[in-house]
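1. What follows is a predicted protein model with its sequence.
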Amino acid sequence: LKIWDGAISSSMSNAGNFVGGIPLAYGEDITFPSGVTQTAVTNDLPPTQTINLVTLSGTGYNLGGGTFNLLAGVNNGGANNTISAQVKADLPLVFATNPIGTALNLPGGISLNGYNIDFNGAGTFTVGQIVGVGDVNGDGIGDVIIGTSPSFTGNFNVAGGTLYANTSISEPINVIGSGTLRGSGPLGAVTVSDSGIVFPGTPATPVASLGLTWLTVNTGGLELGFGAGNSTHSANNASGGVQLNGGTLKLDLVTQPTIGQTYNNLITAPGTGTNMITGCFGETATTPANVLLVAQCTPSSVSAIVKAIDDLFHSAFGG
């Protein structure tokens, strides 16, 4: 284990920047602690040198320079830390940031190099371009924000937390476990199973259209935000087909609707050939939970009609 103190410079190849003054060996762990002034760090190690685990217990670090060749991953406990250099997986990696409120920024991107990676923890990851071959898994309860279009061969598997897809992603996305997929895309094929949720938009932009090529809902479901007066709503717009094998359609209403009111084009598809909507949702739900909806599915669109409102819950809308 080497502990950074940056006593001389930003250089990782200078042994004097580590406690004890001993050069970094291949495959060692490195800790970047709190209380260090030199938080700008330059990886000028030999290009083939591997590091096992990078632990960021301080905050305000920016690790730049050459590629970080990692064997285990990155463990972030600082409020806000950045690795602006590329990270390459030399074995399967785990990226962790804890607790809630911490942030690990990876604008230099990740080279999968034939290995799977996992994002875990309760904090937030912001990730640059992902390249190579392997799967990208989200297993924690935090947020993974993809802001640069990836270019890798493999799948996104969102089993926990939220994947924010705010850029073009052509790789298949599997929303499983308790995972949530948000953002505006456009996306490729999305499959929803278990208790997974597709929820277009973001907390700052609750009404958004999520474009995708293909949508399959097995279980889990689709959640849609609404604007003021329920006059606008989010939608999923498929350029290909939509297969609805059940699942739940949930509408987050802002004001109390009227019986008979219909919300159209919640999902759209071309409606011809294989590019159509087949099946329908098995259940519906609303927030607040006092509105009975019935989903109506045609080859080109999904709508929902209000069938009843429970008087016991009118107060949920302020009535």
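-> Thanks, I have it. In this text, all values refer to a predicted model and were calculated from it rather than measured experimentally. Residues are numbered from 1 along each chain as shown.
2. make it CA atoms for all contacts and neighbour counts henceforth
-> Fine.
3. mind listing what K307 touches?
-> K307 makes contact with 259-260, 291-294, according to CA atoms under 8 Å, 6 or more residues apart in numbering.
4. If we use 6 Å, what do you get?
-> Contacts for K307 (CA atoms under 6 Å, 6 or more residues apart in numbering) come out as 259-260, 292-293.
5. what helix or strand does it sit in?
-> Using DSSP states H and E, K307 sits in strand 301-309.
6. What does the pLDDT read for G147?
-> Looking at G147, its pLDDT is 88.
7. Give me the distance between the residue positioned nearest the centre of the chain and P200.
-> Taking CA atoms, centre = their mean, the centroid of the chain lies closest to L163, which sits 1.4 Å from it. From L163 across to P200, the span is 11 Å (CA to CA, to the nearest Å).
8. can you list the weak-confidence ranges in this protein?
-> The model of the chain has pLDDT under 70 over residues 311-319.
9. Which residue ranges of it form helices?
-> Assigned by DSSP state H, the helices in the chain number zero.
10. Check the separation of the first and last residues in stretch 109-117.
-> OK, stretch 109-117 end separation, CA to CA: 12 Å.
11. Over to stretch 40-51?
-> OK, stretch 40-51 end separation, CA to CA: 18 Å.
12. Residues contacting it, please?
-> Stretch 40-51 has contacts (CA under 6 Å, 6+ apart) with 10-13, 26-28, 61-66, 69-70.
13. and what of stretch 177-191?
-> With CA under 6 Å, 6+ apart as the criterion, stretch 177-191 contacts 158-170, 172-174, 194-202, 210-217.
14. If we use 8 Å, what do you get?
-> Counting by CA under 8 Å, 6+ apart, stretch 177-191 makes contact with 138, 158-175, 193-202, 208-218, all of which sit outside it.
15. Now compare the contacts of K307 and name the two farthest from each other.
-> G260 and L292 (10.6 Å; CA to CA).
16. Now the common contact residues for the two.
-> In contact with both G260 and L292: 306-307, using CA under 8 Å, 6+ apart.
17. Comparing these two, which residue is more hemmed in?
-> Higher neighbour count among G260 and L292: L292, with 16 against 12, using other CA atoms under 10 Å.
18. beta partners for that one?
-> A308 (DSSP bridges).
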